[in-house]
Structure formats: structure tokens, C-alpha cells
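Undergrad: build me a model from this:
(2 chains, ligands or ions: 3)
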Amino acid sequence: MHTQTNARKIAWAFFATSMLLLVLQIVYGFIMGFAHMGHDVLHDVIPFNVARATHTNLLVVWLLSGFMGSAYYIIPEEAERDIWNAKLGWIQLGSLVLVGVVAIIGFHLQWWEGRKFLEIPRPLDYLVVVNVLAFLLNIGMTLFKGNRFTTTSVTLLVGLTAAALLYLPGMIWFDNHTVDSYFRWWVVHLWVEGVWELIMGAILAYLLIKLTGVDREVIEKWLYIIVGITFLSGILGTGHHYYWIGAPKYWLMVGGIFSALEPLAFLAMALYAVAMARKGERRHPNRIALRWAVGTGIMSFVGAGFLGFAHTLPSVNKWTHGTLVTAMHGHLAFWGAYAMLIFAMIAYVLPEITGRKLYTKWRAEWSFWTSNIGMISMTGAFAVAGVAQVYLERRMGMDFLEAQEAVEVHFLALVLAACLFTTGIVLFIIDFIKYGLPQPAENVPVTSPGGDAGPGTGGAASA
Amino acid sequence: MLSKSQAKVFFLVATLGFSGVFLALTFDTMRQIPEQTNSAEISESALRGRHIWDRKNCMGCHTILGEGAYYAPELTRAVERRGEEWLRIFLRDPEAMYPGRRRMIQYNFTEDEITDVIAFLEWIGNIDANGFPFDPDMAPTAAIAAAGAEAPEVLQAAPTYYRNVCQSCHAVEGFGGNTGPALDGVATRFNEAELHQWLADPQAVRPGTTMPNLNLAEDVRTELVTWLLTLD
Ligand code: HEM
Ligand code: HEM
Ligand SMILES: [Fe+2]
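TA: Ligands and ions are numbered 1, 2, ... in the order given. From the prediction side, this is the model:
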């Protein structure tokens, strides 16, 4: 069978879930922005630690939901068959939403673990594991029962599987706080600076194949090289989180050297996206999707590569460790590398599965620019606040709260920039809604012939 | 230029090779951590403190060893900085010590829980964290003094309770906190009875005041008042 009707519907539902959770995440971002400005008005209902756990966990869940949606779309499409078990797909989505909702409500009732980014309590961790297993089974079976194995789809599957495995060390309780922290980074760091990059590389490769028409062999070769650099640098780069937690001193050198190489992978990703977009002779009419795809390459370099490098050497990190400088980097890195990637995927997929072409309208253009300019400005506000904090508190010895009061004004700037950013997100979501529901594959003119090797196979849409 | 299959080999070798090195280093780190973190000194109480730290998600506002959130003070050296007596009073009622400032949650800890939290923080403070948190390297001399170096002579005679608790809010000869007014010359503003009354129950004297009621024992209060009367 050559239609992916079920897979498309499921992918759409995952993307819709993503967008919903993103909106909620932003709401909690504003709560924290105001708290930092000195207006912690919700303290009695939503204290800062609740807002924070909700903000970051929603981020992780909406990105995961976006990755899953992407996999539900890409893997059947590459394998040239529909999803293996559609019912399982819907159940998996339902249970993901259930875990998410219970976790968020739980946070508000202080049901959590106090471990940054992994606050979800243990019983829900088990549910997450079952959920992810169901997901991997479904896309794995689709791939194996399909007609075609491609580097892109195998890389995607390997990345998702490795992400699931790496979640496990984060579930173990250690009596020693340092050991706990050590293995917490196996999840957090080895995700974002390891296997998620693999996922990113695969999704980006898929989009570039579809949108530029460059030869699959060329793109997939670069995919290998980029993820090779990622692991070459990123695995030992974990050491940049082991400088000051009570681990041996050699991590200063190992972490310093290897994490300093990590930006190369992001630089390669950026150059690759730009080069392929220029090289591609076939112009797919969906220019906005290509812009998001190239954008994610470039912004991931700026946010993760450049701003990560800015504080990764021990001689800098000794002062910036655990300050707002880290938050500056965290925002642009997550936005550039993973949020924009999912936006690229959605911008590509929606026209394909609904048959509408809203990418020619002004909203698509404006949502790209306002969200990006907004996020860059937010990063600037965090940067000014963070550098001021480092100098006042860490280097000159000013009391913590006094230093925080001195940087309050930069949180006004943050909130204003966040309004601009949010405008872009709202425009994107309006388009998402206007696209409407996915149509049965038979009713949508075939725009992606399945992309066998060779130039020109990228969406022939209305070209 | 590399072919696709060469690129694949590069990917596999880099990934497997560096995973191997990482696992070896992890093995060595696990061998060294017990000594570097004094794990033999994790008492029952400190462990209970760690569970409280975890259950309340204190890391959602604070950093410890530089990890966590950026909303509230770094606590790695909290015990060294504040001392146990101060922390006890603070944890009973965080707002009393920081009136009108950024807010922490009032957890209504029992005295035992407070002991546990402090034991945990004390253990953390003794970890060899390769120097973190670093002493300020650009500190003006005044700030260095406030961080605990040389205190003026009058303060050498001050009761321990003053040094441990009152000083975080009050300064004498410019040395100490600024949440409350400087105490230089208090003896000229208040007599002995007034000071006793004030320290016993600030609210009764000035309703709405942000000076906390510290529930001082009779003898501590007498000692404090005797010393305050020398500040003229
Ligand atoms: C897309 C990739 C990346 C994402 C999403 C990301 C995100 C983050 C986040 C959220 C944190 C805060 C973690 C915490 O304290 O719990 C962090 C910390 C850090 N990141 Fe990244 N990062 C990425 C890539 C990089 C790269 C490539 C580098 C180095 C070149 C880097 C260097 C650092 C350093 C040194 C810290 C520790 C900051 C501190 O000491 O407080 N990051 N990153
Ligand atoms: C649009 C409005 C947003 C606002 C006002 C906002 C604000 C904040 C604030 C104040 C913090 C807490 C820093 C602290 O601990 O004191 C935070 C944390 C964080 N936010 Fe946002 N945020 C927003 C959107 C986003 C988006 C879209 C992303 C991801 C793409 C994101 C990713 C993060 C991450 C990763 C952290 C943890 C940072 C760290 O621990 O270093 N935020 N945010
Ligand atoms: Fe990292």
C-alpha cells in the first residue's frame, strides 16, 4: 500500500498536541519572567519552583511529541507503507497526553522529584517507558515491514531508541547527591548534545531531500559525518557538567577540550543546510518550510554552538556556572535546534497532508520573523542580566538578592521580547488551525512521490 | 572526498570509541567520588535532609553546586556563610529574615526536619567541588570585610548570638547587613527597659515592624542588651 492515511492523521494529532503544550509552556515562562521582575503575584498558588518545573517539562514533552509526530510521518513515508498499527498509535498519543496532564497537575500539588529537568515522579516514569516502547515498536515494525530502508529513517529510529535507553539511568536513586547529578546528565546532556542531534540530523536530512531535490546519497553522507562529529565531541563533552559537582579534576580538561569541539557539529549542520538549499536546483514551492529548515541549522549553531562555547571553558564556567548566563544559552539552544526543527517539519507536513497552501500568505512569513527576532531579543535580555549577575554577585561579591534586584529591569526587557516572540507563535498556530484536518491520502494530490534517490524527487507539488 | 560508506565507518568508530572512553572514565569517577565527596559522612540525618530537598524541589528556585534555578541564592556554602543558628531561625520562617524581599515558601518544618536540612547542606558544603563556588576576585575591600574577614573592635566583644543572627540585618561601624537600621549609638536612643521590651516583642512596641520576633531566651536577651548599651 502506498498511502499513509493513518500515519498522517496520527502525525497531525501529535503536532497539534505539541502546539497546545507550547502555548502552556509560554504561559509559565511569563509567570517566571514577572517573578524575576519582582512581581511574584502568584507565589501562593504557583510558586516559582512549580512554574519552572512546568515550563521546562512542558518544553521537553512538546518537543518529544513533535519528534514522535515527525517519526509517524517520516518513517511510513520512507518505508512506503502505512503505520504498522494505527490503533496503537492513538493509544500511545492518549497515554502521552495523560502522563503529561497528570504530571503537570502533580507539580502543582508538589508531587515531583527535585531533580532539574527530570521532575516527573517515579510512577509516571514507568508510564513514560511503556509509552515510548509502544511508540518504538510501532515505528520499528513499520520500518521492518516496509518496502524500503533508508539511512534517514534508520538514523531516526536509532536516535529515538537511544534517547529512550538514556532515560533509564535518570530513574535511579543514589544516596550520594553527586552520583545522582552525574547520571542525571546522562539524560539531559546526552540527549540534547547527543542523540537528539541524531534525531535532528535525520529530520533535517529528510526535509532537505524533500525540499531541495539534492541527491539523497549526498545528503545522507553528510548526515553520517555530522552525527559522527556530534558523538566524537558530545560524549566526552558531558564533562562540562562535571567540573564543579564533586567529580575528579580531570573532567576540567576532558570536558573543556571535547565540549569546545561540539560547536563544530552545529556549524556543520548550519553549513550543510545552507549549502544544500543553495545547491538544490529543484525549487519546492514551500519556501517557508525550507526557511525554517535552514533557520534551524543556523540558529542551532548560534544558540548551542556559539553561546554554548561562550561559557564552556572551565576558566569562564567557574564564574558563570548556575547563573542567568546558562538560561540565556538554554533558551536559544532549545529554540534554534529543536523548536525550530519541529516548526520546519510542521510547515512542511501541513500542506502535504491537507492539500492547502497557506505558505504563500503573509502570516507564515511574519510568524518566522517575529518569533525569531523575539527569541533573539529574549536571549539578549538574559545575556545582559546574566553577565551583570556574574560580575556583581560572583566576581565582586554582592549579596545574591541585591544583585538580582539590580538586574530586575532586564526582565522587563525579557517580557517585552517574549511578547514579540509569542506573537510569532500565535501566527503560526493560527495557520495550523486554518490548515484544518488532514485529508485521506487519496484526496490530496500526490506531492511527495516517496523520494527515491536522485534529484528532483522532492515534492513535485505544484511545481 | 569521503564516500557514504566511509562516512558511515567514521560515524561508527567515533561513536563506539568515545562511548568506550566515556564508560571507562565513568568507572574511574565512581571509584573516586566517595572520597571526594566524603560519602562516609552522609549521616542518617543528612540523608533525610536530601529527601526533603528532593521532595520539596528546592532546586526549582535555588542552585546547589551550581545546578538548579536562578531565582534564589546558591546554597553550596549556606552553612559556612550563615551558620546553623541563623539557618534555623530562617527555616522556621523565611520571610521574617527577609521582610518584603523575594519570597521563599513557608514549609512549616519541624525542628527535626530543620536539623536534617542543615545536615544535608553541611555535607554538600564539605564536598571537594574543585573550588566552586569561587571567592570573588574583583571584590572591593568593603565587600571582602563584609564577607567575614576583620570585624571592627566593638564587634569582637559582641555576644555570639549577635554575630550569628542580628548581624545579618544590622551593621555597626558599617559592618553587617542593611535590612535593619545601623545600631551605632543605639544606647543614646533607647534605655535598658526599652531594649528589653523591643527584643522580647518588636510587634508590641511598633506594630507592623519588620524586625522579627526571635523568641530570645531570657539570658541571651540580657546579654544582648548589656552589649547594646555599650554602643553609644
Ligand atoms: C541543542 C543543543 C543544546 C541545548 C538544547 C543546550 C541546553 C542547555 C541547557 C538547558 C543547559 C542548562 C542545564 C542545567 O543547568 O541544568 C545547558 C548548560 C550548558 N550548556 Fe548547553 N545546550 C546545547 C548545546 C551546548 C553546546 C554545543 C555547548 C558547548 C559548546 C553547551 C555548553 C553548555 C554548558 C557549559 C552548560 C553549563 C552551564 C552551567 O555551568 O551552568 N551546550 N545547556
Ligand atoms: C516566551 C516566553 C518565555 C519566557 C518569559 C521564559 C522565561 C524563562 C525564565 C524566567 C526561566 C527561569 C530561569 C530561572 O531559573 O530563573 C526559564 C527557564 C527555561 N526556559 Fe523559558 N521562557 C519563555 C519561553 C521559552 C521557550 C520558547 C523555550 C524553549 C525553546 C524555553 C526554554 C527554557 C529552558 C530550557 C529553561 C531552563 C533554563 C536553565 O535551566 O538554564 N523558554 N524561562
Ligand atoms: Fe551539556
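Undergrad: what average pLDDT does stretch A:429-443 get?
TA: In this model, stretch A:429-443 has a mean pLDDT of 90.
Undergrad: equivalent analysis for stretch A:47-58, please.
TA: The average of the pLDDT scores along stretch A:47-58 is 98.
Undergrad: just the pLDDT for A:V227.
TA: 96.
Undergrad: wait, B:A145
TA: Per-residue pLDDT puts B:A145 at 51.
Undergrad: go ahead and flag the most central residue of the chain.
TA: No chain specified, so I'll use chain A. If you average the C-alpha coordinates of chain A and look for the closest C-alpha using C-alpha atoms, centre = their mean, you land on A:Y338, 2.5 Å from that point.
Undergrad: hm, I was asking about chain B
TA: By C-alpha atoms, centre = their mean, chain B has its centre lying nearest to B:A78, at 2.4 Å.
Undergrad: after the lowest-mean-pLDDT helix or strand in chain B comes which helix or strand?
TA: Within chain B, judged by mean pLDDT, DSSP states H and E, the helix or strand with the poorest mean is helix B:141-146; its value is a mean of 53. On the C-terminal side of helix B:141-146, the nearest following helix or strand under DSSP states H and E is helix B:153-156.
Undergrad: I'd like the next helix or strand past that next one.
TA: Scanning forward in sequence from helix B:153-156, with DSSP H and E defining helices and strands, the next element found is helix B:160-164.
Undergrad: beyond that following helix, next helix or strand please.
TA: Later in the chain than helix B:160-164, the nearest helix or strand by DSSP H and E is strand B:171-172.
Undergrad: and the contacts of that next one?
TA: For strand B:171-172, contacts defined as C-beta atoms under 8 Å, 6 or more residues apart in numbering or on different chains pick out B:P152, B:V154, B:L155, B:A158, B:G177, B:N178, B:A182, B:L183, B:D184, B:L231. (C-beta placed from N, C-alpha, C; glycine too.)
Undergrad: show me where the stretch 51-200 of chain A has helices.
TA: Per DSSP state H, counting those that start in this stretch, the stretch 51-200 of chain A has helices spanning A:86-108, A:122-145, A:151-167, A:177-190, A:196-212. These are given in chain order.
Undergrad: in the longest one, what's buried?
TA: Meaning helix A:122-145. Of all the residues in helix A:122-145, those buried under the rule 16 or more other C-beta atoms under 10 Å in any protein chain shown are A:124-125, A:127-128, A:131-132, A:134-136, A:138-143.
Undergrad: please apply the same query to stretch B:112-119.
TA: Residues of stretch B:112-119 classed as buried under the neighbour-count rule (16+ other C-beta under 10 Å) are B:E113, B:I114, B:T115, B:D116, B:V117, B:I118, B:A119.
Undergrad: which members of these are the farthest-apart pair?
TA: The most widely separated members of the buried residues of stretch B:112-119, counting by C-beta to C-beta, are B:E113 and B:A119 (10.5 Å).
Undergrad: okay, and the common contacts of these two?
TA: The contact sets of B:E113 and B:A119 overlap at B:R48 (C-beta under 8 Å, 6+ apart).
Undergrad: what helix or strand is A:V294 on?
TA: Assigned by DSSP H and E, A:V294 belongs to helix A:287-300.
Undergrad: give me the contact list for that helix.
TA: Applying C-beta under 8 Å, 6+ apart, the contact partners of helix A:287-300 are A:200, A:204, A:207-208, A:211-212, A:266, A:269-274, A:277, A:284, A:332-333, A:335-337, A:340-341, A:343-344, A:347-348, A:351, A:359, A:364-365, A:368, A:372.
Undergrad: restricted to helices, list those.
TA: A:200, A:204, A:207-208, A:211-212, A:266, A:269-274, A:277, A:332-333, A:340-341, A:343-344, A:347-348, A:351, A:364-365, A:368, A:372 (DSSP state H).
Undergrad: which among those residues are in contact with ligand 1?
TA: Judged by C-beta under 6 Å from any ligand atom, the overlap between these and the neighbourhood of ligand 1 comprises A:A333.
Undergrad: in JSON lines, list the buried residues of stretch B:112-119 along with distance to ligand 3 and secondary structure.
TA: Conversion of these to JSON lines gives the following (distance: C-beta to the ion, whole Å; DSSP: H, G, I helix; E, B strand; the rest coil):
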{"residue": "B:E113", "distance to ligand 3": "34", "secondary structure": "helix"}
{"residue": "B:I114", "distance to ligand 3": "35", "secondary structure": "helix"}
{"residue": "B:T115", "distance to ligand 3": "36", "secondary structure": "helix"}
{"residue": "B:D116", "distance to ligand 3": "32", "secondary structure": "helix"}
{"residue": "B:V117", "distance to ligand 3": "29", "secondary structure": "helix"}
{"residue": "B:I118", "distance to ligand 3": "32", "secondary structure": "helix"}
{"residue": "B:A119", "distance to ligand 3": "31", "secondary structure": "helix"}
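Undergrad: return the member of the residues you listed nearest to A:F48.
TA: Checking the buried residues of stretch B:112-119 against A:F48 with C-beta to C-beta, the nearest one is B:V117 at 18.5 Å.
Undergrad: distance check, the closest residue to the closest one other than its chain neighbours against B:D112.
TA: For B:V117, the nearest residue in space outside its immediate sequence neighbours is B:G49; the separation is 4.7 Å by C-beta to C-beta, 6 or more residues apart in numbering or on different chains. To B:D112, B:G49 is 10 Å away according to C-beta to C-beta, to the nearest Å.
Undergrad: cool, thanks, signing off.
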